[in-house]
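Asker: predicted structure and sequence below. I'll ask about it afterward.
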Amino acid sequence: QSALTQPASVSGSPGQSITISCTGTSSDVGDYNYVSWYQQLPGKAPKLMIYEVSNRPSGVSNRFSGSKSGSTASLTISGLQAEDEADYYCSSYTSSSTLVVFGGGTKLTVL
Amino acid sequence: QVQLVQSGAEVKKPGASVKVSCKASGYTFTSYYMHWVRQAPGQGLEWMGIINPSGGSTSYAQKFQGRVTMTRDTSTSAVYMELSSLRSEDTAMYYCARAAYFDYWGQGTLVTVSS
(Lines give C-alpha, C1' and ligand atoms only; values in the text may rest on other atoms or scores of the structure.)
Protein backbone atom coordinates (compact mmCIF):
# COMPACT_ATOMS: atom_id res chain seq x y z
CA GLN A 1 0.00 0.00 0.00
CA SER A 2 1.68 3.23 -1.14
CA ALA A 3 1.54 6.46 0.79
CA LEU A 4 -0.97 9.09 -0.22
CA THR A 5 0.53 11.89 -2.33
CA GLN A 6 0.84 15.37 -0.86
CA PRO A 7 2.86 18.37 -2.07
CA ALA A 8 6.11 18.63 -0.14
CA SER A 9 5.53 22.28 0.66
CA VAL A 10 3.06 25.12 0.34
CA SER A 11 3.29 28.71 1.44
CA GLY A 12 1.07 31.72 1.88
CA SER A 13 0.95 35.15 3.42
CA PRO A 14 -1.01 36.01 6.55
CA GLY A 15 -4.68 36.41 5.78
CA GLN A 16 -4.53 34.38 2.58
CA SER A 17 -6.01 30.94 1.97
CA ILE A 18 -4.09 27.84 1.00
CA THR A 19 -5.12 24.35 -0.03
CA ILE A 20 -3.20 21.13 0.49
CA SER A 21 -4.11 18.16 -1.69
CA CYS A 22 -3.96 14.48 -0.78
CA THR A 23 -4.21 12.08 -3.69
CA GLY A 24 -4.90 8.40 -3.25
CA THR A 25 -6.59 5.64 -5.20
CA SER A 26 -9.91 3.91 -5.54
CA SER A 27 -8.77 1.58 -2.73
CA ASP A 28 -8.43 4.31 -0.13
CA VAL A 29 -9.44 7.97 -0.52
CA GLY A 30 -11.71 7.19 -3.45
CA ASP A 31 -13.53 4.44 -1.60
CA TYR A 32 -13.84 5.75 1.94
CA ASN A 33 -15.00 8.91 3.63
CA TYR A 34 -12.55 8.18 6.45
CA VAL A 35 -10.06 10.85 5.42
CA SER A 36 -8.43 12.80 8.23
CA TRP A 37 -5.96 15.67 8.48
CA TYR A 38 -3.38 16.33 11.18
CA GLN A 39 -1.23 19.27 12.14
CA GLN A 40 2.20 18.56 13.58
CA LEU A 41 4.23 21.28 15.21
CA PRO A 42 8.00 20.73 15.61
CA GLY A 43 8.75 18.22 18.32
CA LYS A 44 5.09 17.56 19.05
CA ALA A 45 2.65 14.74 18.44
CA PRO A 46 0.21 15.21 15.55
CA LYS A 47 -3.11 16.90 16.29
CA LEU A 48 -6.36 15.92 14.58
CA MET A 49 -7.76 18.83 12.56
CA ILE A 50 -10.33 17.19 10.26
CA TYR A 51 -11.98 13.77 10.30
CA GLU A 52 -14.38 12.00 7.96
CA VAL A 53 -13.34 14.33 5.11
CA SER A 54 -14.87 17.54 6.43
CA ASN A 55 -15.68 17.33 10.14
CA ARG A 56 -13.84 19.48 12.66
CA PRO A 57 -13.20 18.22 16.20
CA SER A 58 -14.30 20.45 19.00
CA GLY A 59 -11.80 23.25 19.54
CA VAL A 60 -10.40 23.34 16.01
CA SER A 61 -10.76 26.70 14.30
CA ASN A 62 -13.37 26.99 11.57
CA ARG A 63 -10.59 28.41 9.38
CA PHE A 64 -9.76 24.76 8.70
CA SER A 65 -11.99 22.92 6.26
CA GLY A 66 -11.83 19.68 4.31
CA SER A 67 -13.33 18.28 1.14
CA LYS A 68 -12.97 15.40 -1.27
CA SER A 69 -13.45 14.82 -4.97
CA GLY A 70 -12.90 11.35 -6.32
CA SER A 71 -9.57 10.06 -5.02
CA THR A 72 -8.26 13.47 -3.97
CA ALA A 73 -8.95 15.07 -0.61
CA SER A 74 -8.11 18.66 0.24
CA LEU A 75 -7.45 20.71 3.33
CA THR A 76 -8.08 24.44 3.09
CA ILE A 77 -6.84 26.92 5.64
CA SER A 78 -8.35 30.36 5.34
CA GLY A 79 -7.15 33.56 6.98
CA LEU A 80 -3.62 32.17 7.39
CA GLN A 81 -1.93 32.96 10.68
CA ALA A 82 1.69 32.60 11.72
CA GLU A 83 0.67 29.89 14.20
CA ASP A 84 -0.55 27.70 11.31
CA GLU A 85 3.03 27.12 10.21
CA ALA A 86 3.49 23.36 10.67
CA ASP A 87 3.59 20.02 8.89
CA TYR A 88 0.24 18.67 7.73
CA TYR A 89 -0.57 15.03 7.06
CA CYS A 90 -3.59 13.31 5.60
CA SER A 91 -4.68 9.74 6.24
CA SER A 92 -7.27 7.36 4.88
CA TYR A 93 -8.58 3.95 5.73
CA THR A 94 -7.92 1.43 2.96
CA SER A 95 -9.38 -1.80 1.67
CA SER A 96 -6.05 -3.62 2.03
CA SER A 97 -4.67 -5.47 5.03
CA THR A 98 -2.72 -2.30 5.81
CA LEU A 99 -5.82 -0.62 7.14
CA VAL A 100 -4.57 2.95 7.24
CA VAL A 101 -2.26 4.91 4.96
CA PHE A 102 -0.78 8.36 5.54
CA GLY A 103 0.33 11.04 3.14
CA GLY A 104 3.98 12.00 2.98
CA GLY A 105 3.30 15.32 4.68
CA THR A 106 3.25 18.96 3.58
CA LYS A 107 5.28 21.72 5.18
CA LEU A 108 3.26 24.93 5.40
CA THR A 109 5.26 28.14 5.56
CA VAL A 110 3.53 31.38 6.48
CA LEU A 111 5.52 34.12 4.76
CA GLN B 1 -9.76 14.42 30.17
CA VAL B 2 -8.44 11.80 27.78
CA GLN B 3 -4.73 11.08 28.20
CA LEU B 4 -2.38 8.61 26.60
CA VAL B 5 0.93 8.38 28.45
CA GLN B 6 3.74 6.40 26.87
CA SER B 7 6.84 4.85 28.35
CA GLY B 8 10.23 6.50 28.15
CA ALA B 9 12.90 6.54 25.49
CA GLU B 10 14.79 3.34 24.67
CA VAL B 11 18.18 2.58 23.17
CA LYS B 12 18.56 -0.88 21.69
CA LYS B 13 21.17 -2.81 19.77
CA PRO B 14 20.44 -4.26 16.32
CA GLY B 15 18.67 -7.58 16.58
CA ALA B 16 17.11 -6.80 19.95
CA SER B 17 13.44 -6.21 20.75
CA VAL B 18 11.69 -3.22 22.28
CA LYS B 19 8.35 -3.01 24.08
CA VAL B 20 6.59 0.35 24.31
CA SER B 21 3.62 0.96 26.58
CA CYS B 22 0.72 3.36 26.30
CA LYS B 23 -1.47 3.92 29.35
CA ALA B 24 -4.92 5.34 28.74
CA SER B 25 -7.09 7.36 31.10
CA GLY B 26 -10.13 9.61 31.00
CA TYR B 27 -12.37 7.30 28.97
CA THR B 28 -13.60 3.71 28.84
CA PHE B 29 -10.48 1.85 27.74
CA THR B 30 -12.28 -1.05 26.09
CA SER B 31 -14.56 1.15 24.00
CA TYR B 32 -11.91 2.42 21.56
CA TYR B 33 -9.39 0.59 19.42
CA MET B 34 -5.82 1.87 19.59
CA HIS B 35 -3.45 2.52 16.69
CA TRP B 36 0.34 2.52 16.68
CA VAL B 37 2.13 4.92 14.34
CA ARG B 38 5.82 5.64 13.93
CA GLN B 39 7.83 8.53 12.53
CA ALA B 40 11.48 8.21 11.57
CA PRO B 41 13.62 11.34 12.06
CA GLY B 42 12.64 13.99 9.53
CA GLN B 43 10.18 11.63 7.88
CA GLY B 44 6.42 11.17 7.65
CA LEU B 45 3.95 9.13 9.64
CA GLU B 46 3.73 5.37 9.14
CA TRP B 47 0.86 3.21 10.36
CA MET B 48 1.97 0.03 12.12
CA GLY B 49 -1.20 -1.60 13.34
CA ILE B 50 -4.25 -1.55 15.55
CA ILE B 51 -5.49 -3.42 18.60
CA ASN B 52 -8.94 -3.86 20.05
CA PRO B 53 -8.51 -3.46 23.81
CA SER B 54 -11.78 -5.27 24.43
CA GLY B 55 -11.01 -8.61 22.85
CA GLY B 56 -7.32 -8.20 22.07
CA SER B 57 -7.68 -8.74 18.33
CA THR B 58 -5.05 -7.10 16.18
CA SER B 59 -4.32 -6.09 12.61
CA TYR B 60 -0.83 -5.24 11.45
CA ALA B 61 0.55 -3.42 8.43
CA GLN B 62 2.03 -5.86 5.96
CA LYS B 63 5.44 -4.27 6.39
CA PHE B 64 5.58 -5.27 10.07
CA GLN B 65 3.90 -8.68 9.92
CA GLY B 66 6.00 -11.19 11.82
CA ARG B 67 7.99 -8.54 13.67
CA VAL B 68 5.37 -6.64 15.64
CA THR B 69 3.10 -7.79 18.45
CA MET B 70 0.44 -5.61 20.04
CA THR B 71 -1.12 -6.59 23.35
CA ARG B 72 -3.23 -5.03 26.04
CA ASP B 73 -3.83 -5.23 29.78
CA THR B 74 -7.36 -4.23 30.68
CA SER B 75 -6.54 -4.21 34.41
CA THR B 76 -4.19 -1.27 33.89
CA SER B 77 -5.78 0.26 30.77
CA ALA B 78 -2.55 -0.12 28.87
CA VAL B 79 -1.62 -1.26 25.39
CA TYR B 80 1.80 -2.46 24.36
CA MET B 81 3.71 -2.59 21.08
CA GLU B 82 6.67 -4.93 20.82
CA LEU B 83 8.95 -4.77 17.78
CA SER B 84 11.57 -7.47 17.32
CA SER B 85 14.70 -7.97 15.19
CA LEU B 86 15.41 -4.27 15.39
CA ARG B 87 17.56 -2.61 12.77
CA SER B 88 18.86 0.93 12.39
CA GLU B 89 15.90 1.83 10.14
CA ASP B 90 13.58 1.25 13.10
CA THR B 91 15.00 4.32 14.85
CA ALA B 92 11.91 6.47 15.18
CA MET B 93 9.37 8.10 17.44
CA TYR B 94 6.58 5.64 18.19
CA TYR B 95 3.09 6.91 18.98
CA CYS B 96 -0.12 5.36 20.18
CA ALA B 97 -3.30 7.08 19.00
CA ARG B 98 -6.94 6.41 19.82
CA ALA B 99 -9.13 5.09 17.04
CA ALA B 100 -11.16 5.56 14.98
CA TYR B 101 -10.03 9.04 14.11
CA PHE B 102 -6.62 9.32 15.80
CA ASP B 103 -8.27 11.95 17.98
CA TYR B 104 -5.87 11.58 20.90
CA TRP B 105 -2.16 10.81 20.69
CA GLY B 106 0.44 9.79 23.19
CA GLN B 107 3.49 12.00 23.65
CA GLY B 108 5.66 9.58 21.70
CA THR B 109 8.47 7.21 22.65
CA LEU B 110 11.82 7.61 20.95
CA VAL B 111 13.41 4.28 20.09
CA THR B 112 17.03 4.46 18.98
CA VAL B 113 18.65 1.41 17.41
CA SER B 114 22.41 1.64 17.41
CA SER B 115 25.36 -0.66 17.88
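Answerer: That came in fine, so what should we check first?
Asker: for chain A, what are the nearby residues on chain B?
Answerer: Within reach of chain A by Cβ under 8 Å from any Cβ of the partner chain, chain B has these residues: B:35, B:37, B:44-47, B:50, B:59, B:61-63, B:95, B:97, B:100-103, B:105-108. Any C-beta I mention is one placed from the backbone N, CA and C, and that applies to glycine too.
Asker: so what pLDDT did residue B:5 get?
Answerer: pLDDT, residue B:5: 98.
Asker: from residue B:109, how far off is the closest residue in space to residue B:13 that isn't next to it in sequence?
Answerer: The spatial neighbour of residue B:13 that comes closest, neighbours along the chain excluded (Cβ to Cβ, 6 or more residues apart in numbering or on different chains), is residue B:115 at 5.8 Å. Distance of residue B:115 to residue B:109, computed by Cβ to Cβ, to the nearest Å: 20 Å.
Asker: over to residue A:109?
Answerer: For residue A:109, the distance to residue B:109 - Cβ to Cβ - is 29 Å.
Asker: what number of residues lie near residue 50?
Answerer: Because you didn't say which chain, this covers chain A. Neighbour count of residue A:50, defined by other Cβ atoms under 10 Å in any protein chain shown: 26.
Asker: meant chain B, my bad for not saying
Answerer: Residue B:50 has 22 nearby residues by other Cβ under 10 Å.
Asker: try residue A:16
Answerer: For residue A:16, using other Cβ under 10 Å, the count is 13.
Asker: next one: the nearest residue to it once chain neighbours are set aside from residue A:86, what distance?
Answerer: Residue nearest to residue A:16 in three dimensions, not counting chain neighbours: residue A:80, with 5.2 Å by Cβ to Cβ, 6+ apart. According to Cβ to Cβ, residue A:80 and residue A:86 sit 12 Å apart.
Asker: same deal with residue A:101?
Answerer: 21 Å.
Asker: so between these two, which is more surrounded?
Answerer: Remark: of residue A:101 and residue A:86, residue A:101 carries more neighbours, 24 against 20, as counted by other Cβ under 10 Å.
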